[in-house]
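Visitor: Here's a sequence, model it:
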Amino acid sequence: MLWENLTVKQFEEAVRSSGGVCVLPIGCLEKHGDHLPLGTDMMIAREIVEKTAEAEPFVVFPYYIFGQVSEVKHFPGTVALGSELQMLLLREVCKEIRRNGFRKIVLANGHGGNNSWLHYFAQTMLDERKDYIVYVYHLWELSAEQLGELESRFRTPDDYGHADHMETSQILHIAPSLVHMDRLNPGGWTSTGRGRSLAEHGLSAGIHWYMEYPNQIAGDPSLSSADYGEAYLACCAANFAKAVKEIKNNEAALKLQTEFFDRCDEVKDFR
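Guide: Modelled structure (predicted):
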């Protein structure tokens with residue numbers, strides 16, 4: 001059920017039939033090599049979420065492209081909001097989702113650069129009492145068994161990262177006209193090794209990705225295929241459907257969150 005497609009009456013019913021679950025697919029706008037569109041992460045996230053909703057109904061929030069992507073600001077087409085605005089905007093959006101009746105909000109992540117930010121965002125949901133809960137889910141993660149099954153069916157480079165075989169194959173399935181395999185620069189996806197010495201000492205910095213992959217591509221996409229992309233997307237949707245079903249059935253997390261806030265109030269009163 002796509003939020004933007006519902007009438008008011010349909011929306012009211014959707015809140016009930018979804019079990020109060022709203023999923024916000026979140027990506028970003030950034031360079032994906034020279035062969036994939038800027039909206040690759042958003043397109044993949046939306047595709048997986050929509051497929052999942054067919055099997056395990058919930059309401060899908062409209063496209064949300066304001067992810068953490070400050071490390072790619074040097075490439076045209078990137079949209080990188082300031083960190084304070086990112087936090088405030090997502091916080092207000094979650095409040096609005098709750099005001100419209102949903103008590104379980106899932107941030108369905110399609111961009112690796114969002115990982116740390118979204119987990120931190122979820123932690124900040126404990127700053128003040130809330131009667132709703134926010135979950136984070138990374139859409140691309142497959143089990144070893146699923147990956148092994150895909151490897152047995154398709155030729156793959158066994159070299160993954162960003163704008164790679166996996167992402168390119170998925171876009172070849174979703175929107176093949178937006179993929180330009182003739183623009184690949186062989187070897188452009190190889191790590192420069194410029195950040196290796198820092199990593200060896202357990203160090204990281206915001207500039208690390210640029211040091212290693214200045215072309216914004218990591219992993220060989222040359223063997224990409226629409227068939228692999230379709231199969232990969234199906235695995236992602238199946239996994240997410242199981243996660244959503246657990247969210248619907250699990251009342252313990254929200255109950256314990258309420259208990260947590262109650263105990264916080266007790267400490268405040270004690271002081």
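Visitor: Enumerate every residue touching H138.
Guide: With contact taken as CB atoms under 8 Å, 6 or more residues apart in numbering, H138 is in contact with 109, 115. Using the backbone N, CA and C atoms, a C-beta is placed for each residue, glycine as well.
Visitor: ok, what's across the strand from it?
Guide: In this structure, H138 bridges to N109 when assessed by DSSP bridges.
Visitor: how near is the residue positioned nearest the centre of the chain to H119?
Guide: For the chain, the residue whose C-alpha lies nearest the mean C-alpha position (CA atoms, centre = their mean) is N109; its distance is 1.2 Å. Remark: distance between N109 and H119 (CB to CB, to the nearest Å) = 10 Å.
Visitor: those helices in the stretch 1-150 of the chain, which residues are they?
Guide: Read by DSSP state H, counting those that start in this stretch, the stretch 1-150 of the chain holds these helices, from start to end of the chain: 8-17, 40-55, 83-99, 115-124, 144-153.
Visitor: Please name every helix or strand in contact with the fourth one.
Guide: Identification of packing neighbours for helix 115-124 by 3 or more CB pairs under 8 Å, 6 or more residues apart in numbering; DSSP states H and E yields helix 83-99, strand 104-109, strand 133-138.
Visitor: Could you pick out the longest helix of this structure?
Guide: Identified as the longest helix of the chain according to DSSP state H is helix 226-249.
Visitor: Check which residues of that one are buried.
Guide: Neighbour-count burial for helix 226-249, counted by 16 or more other CB atoms under 10 Å, picks out 226, 228-229, 231-233, 235-241, 243-244, 247-248.
Visitor: Likewise for stretch 10-27?
Guide: Within stretch 10-27, the residues scored as buried using 16+ other CB under 10 Å are 14-15, 18-27.
Visitor: Next, format the residues you listed as CSV and append pLDDT and distance to E200.
Guide: As requested, the buried residues of stretch 10-27 are arranged in CSV below (pLDDT from 0 to 100; distance: CB to CB, whole Å):
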residue, pLDDT, distance to E200
A14, 97, 51
V15, 97, 51
S18, 96, 48
G19, 94, 47
G20, 96, 47
V21, 98, 43
C22, 98, 43
V23, 98, 39
L24, 98, 37
P25, 98, 36
I26, 97, 32
G27, 96, 32
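Visitor: would you turn those into TSV with distance to Q68?
Guide: Compiled in TSV, these are given as follows (distance: CB to CB, whole Å):
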residue	distance to Q68
A14	29
V15	29
S18	28
G19	29
G20	27
V21	24
C22	21
V23	19
L24	15
P25	15
I26	10
G27	11
